[in-house]
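1. Got a predicted structure plus its sequence, pasted below:
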Amino acid sequence: MLIERCSKLIAALEKEGVDGAIITHGTNIRYFSNFTSDESVLVISKERRVLLTDFRYTIQAKELSAPAFEVIETSRAIAADEIAAVLKEMGVKKCAFEDGYLTVREFNNYKELPVELVPMTPVIDRVRLVKNEYEVECLKKAQSIADEAFAELITKIHAGMTEKEVANELDHLLRVHGAEENSFDTIVGSGPNGALCHATPGQRKLQEGDLVVIDFGCKYMGYCSDMTRTIAIGRPCDELIKIYDIVRRAQSAALDALRPNMSAKALDAVARDLIAAEGYGPCFGHSLGHGFGLDIHEAPYASTRSEDTLVPGSTITVEPGIYVEGLGGVRIEDDCVLTEDGYIDLAHTGKDLIII
Ligand code: ZN
Ligand code: ZN
């Protein structure tokens with residue numbers, strides 16, 4: 001499997017006239033080598049695959065990446081001359097690197113390497129675009145943990161709890177149900193804070209009449225889930241109920257339209273047009289969705305500017321929202337996997353407004 005993944009990478013690079021790659025981004029290192037520490041560098045060419053890491057990790061690195069990779073022990077910082085020696089030995093001339101993830105300092109060090117460096121983050125990342133059966137199983141499991149944790153959370157939420165307490169409880173429940181870690185920091189936005197799309201949970205206490213936006217996910221075998229539900233504490237005002245209904249209809253219209261090989265831009269438009277027709281266009285300022293996998297945000301992207309196609313095996317979230325400053329917000333998000341003839345919605349938590 002690892003050799004096949006590396007071959008896919010090399011084939012993608014060869015189309016661009018490039019004959020090797022230096023991989024430094026943690027999720028890409030994991031994808032190509034199974035090794036789970038980003039304190040390492042992969043050098044990949046058509047003939048050879050080398051994993052450089054220091055003494056602390058060499059045993060795990062060998063266990064996880066064999067037989068696809070040779071492991072070479074380096075100094076702790078993995079100096080440029082150590083990478084240079086490997087590149088020289090492998091005969092790489094034109095080498096792809098992940099310009100999207102390097103620090104300026106790392107890049108300055110890499111400029112010393114005896115190869116022509118070619119920035120190719122999107123090409124490298126997109127090797128992970130189409131998920132295989134194993135990956136889809138991991139994504140399903142990550143989402144089922146999230147569904148279970150959420151079902152338990154709503155039996156515990158009550159007015160008077162702070163957003164931070166809700167987030168802490170949810171994070172704990174995710175782990176109880178088998179999560180390795182969060183996919184990203186849990187978002188809990190209550191009342192007017194719901195209008196902040198990425199609200200940091202704070203000391204605000206949940207009050208009667210609040211809508212509460214809860215956006216969260218967890219990892220299983222490194223694979224991320226991502227779901228949002230908006231719940232109510234007591235009966236919210238008529239405008240919030242109306243907004244909830246619009247977002248729910250926009251989300252279900254997009255899910256009804258979702259098909260393999262459709263353009264991601266067209267999917268975004270389905271939800272966006274419905275929200276605009278209801279007069280809330282300016283209140284939906286973010287894109288409809290994103291792919292997810294080893295990274296929580298990865299290709300494809302469903303936005304007004306996207307040129308991506310939703311090919312079978314790729315993933316996409318469907319997450320329209322309406323945010324009204326001073327009043328509150330609503331977002332509903334499912335994470336979906338495209339198949340040959342449709343898609344699987346991984347999220348099994350219902351969408352009728354839950355009033356606590
Ligand atoms: Zn989310
Ligand atoms: Zn998302």
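-> Sure, I can see it. Numbering: from 1, shown residues only. Ligands and ions are numbered 1, 2, ... in the order given.
2. My guess is Cys138 contacts Cys224. True?
-> No. At 9.3 Å, Cys138 does not count as touching Cys224 under the criterion of C-beta atoms under 8 Å. All C-beta spots, glycine's among them, are computed from the backbone N, C-alpha and C.
3. So for those two, which residue has more residues nearby?
-> A direct count of neighbours by other C-beta atoms under 10 Å for Cys138 and Cys224 places Cys224 higher, at 27 against 20.
4. Tell me which other helices or strands whichever strand or helix holds Ile214 touches.
-> Secondary structure from DSSP states H and E places Ile214 in strand 210-216. Judged by 3 or more C-beta pairs under 8 Å, 6 or more residues apart in numbering; DSSP states H and E, strand 210-216 is in contact with helix 133-153, helix 163-176, strand 187-190, strand 227-233, strand 328-331.
5. Can you give the domain ranges for the chain?
-> By the assignment in automatic domain parsing, the chain contains the domains 2-128, 133-345.
6. okay, the ones you listed in CSV with distance to ligand 1 and mean pLDDT next?
-> What follows is the domains of the chain, written out as CSV (distance: least, C-beta to the ion, whole Å; pLDDT from 0 to 100):
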stretch, distance to ligand 1, mean pLDDT
domain 2-128, 17, 95
domain 133-345, 4, 98
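7. looking at those, which is buried most?
-> Highest mean neighbour count among those (mean count of other C-beta atoms under 10 Å): domain 133-345, with a mean of 19.
8. measure that domain end to end?
-> In domain 133-345, first residue to last residue: 15 Å (C-alpha to C-alpha, to the nearest Å).
9. With stretch 214-223 instead?
-> 20 Å.
10. so how far is that stretch from its chain's centroid?
-> From the chain centre to the centre of stretch 214-223 is a distance of 9 Å (C-alpha atoms, centre = their mean, to the nearest Å).
11. Stretch 243-259 near ligand 2 at all?
-> No. Shown here: stretch 243-259 not in contact with ligand 2 (C-beta under 5 Å from the ion), separated by at least 12.4 Å.
12. what comes into contact with that stretch?
-> Stretch 243-259 is contacted from outside by 211, 230, 232, 236, 266-267, 270-272, 274-275, 278, 280, 288, 310, 316, 318-322, 324, 328, 330-334, 336, 338, 342-343, 345, 351, 353, using C-beta atoms under 8 Å, 6 or more residues apart in numbering.
13. Quick check: next helix or strand after the host helix or strand of Ala253?
-> Assigned by DSSP H and E, Ala253 belongs to helix 238-257. Downstream of helix 238-257, the first helix or strand assigned by DSSP H and E is helix 264-277.
14. Show me what that following helix is packed against.
-> Packed next to helix 264-277, using 3+ C-beta pairs under 8 Å, 6+ apart, are helix 238-257, strand 289-291, strand 298-302, strand 315-318.
15. For the residue nearest to Gly178 when sequence neighbours are not counted, which residues are in contact?
-> Take Gly178 and drop its neighbours on the chain: the residue closest to it by C-beta to C-beta, 6 or more residues apart in numbering is Ile145, 5.0 Å away. Residues near Ile145 by C-beta under 8 Å, 6+ apart: Leu174, His177, Gly178, Ala179, Cys218, Tyr220, Ser225.
16. Hmm, Met221 and His179 touching each other?
-> Check again: residue 179 is Ala, not His. No. Ala179 is not in contact with Met221 according to C-beta under 8 Å; the separation is 10.9 Å.
17. The helix holding Ala253 versus strand 298-302: what angle between them?
-> 110 degrees (axes from the mean of the first three to the mean of the last three C-alpha atoms, to 10 degrees).
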